[in-house]
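Undergrad: What shape does this take:
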Amino acid sequence: MTSLAMLIPIALGMGLLGLVAFFWALRRGQFSDLDGAAARILIDDDPSGPDVGKVLEEIPREPQP
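TA: Model prediction:
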């Protein structure tokens, strides 16, 4: 019984801390542009990267029987 008396306030405190962190992030604008982050992953920032087709051609392949 003493363990419940200790664990319940700890669980409530952690829940309250999570709720405070969520509202802090909400107020700071962390969730304002959800579609932008999803589209940003598709943009190629490094146009000087390797040519995928050329790299695939250089891979040695076993001869087909």
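
Undergrad: Flag the shaky bits of this protein, pLDDT-wise.
TA: 44-61, 63-65 (pLDDT under 70).

Undergrad: give me that answer again for 80
TA: Flagging of the chain using pLDDT under 80 yields the residue ranges 33-34, 36-65.

Undergrad: check contacts around A5.
TA: Taking C-beta atoms under 8 Å, 6 or more residues apart in numbering, we find A5 in contact with no residue. Using the backbone N, CA and C atoms, a C-beta is placed for each residue, glycine as well.

Undergrad: after the host helix or strand of it comes which helix or strand?
TA: For A5, the host element (DSSP states H and E) is helix 2-27. The helix or strand immediately downstream of helix 2-27 is helix 34-40, counting by DSSP H and E.

Undergrad: tell me the SS of L42?
TA: The assignment at L42 comes out as coil when based on DSSP: H, G, I helix; E, B strand; the rest coil.

Undergrad: oh, and call the first residue 36 from now on, that's how I've got it
TA: Sounds good: first residue 36 from here, last item L77.

Undergrad: So what's the residue count around it?
TA: 6 (other C-beta atoms under 10 Å).

Undergrad: Can you report phi and psi for it?
TA: The phi/psi pair for L77 (degrees, to the nearest 10) reads phi -90, psi -10.

Undergrad: for F66, same thing?
TA: Dihedral pair for F66: phi -110, psi 20, per degrees, to the nearest 10.

Undergrad: contacting residues for it?
TA: Counted by C-beta under 8 Å, 6+ apart, F66 has contacts A60.

Undergrad: Kind regards, and thank you for your time.
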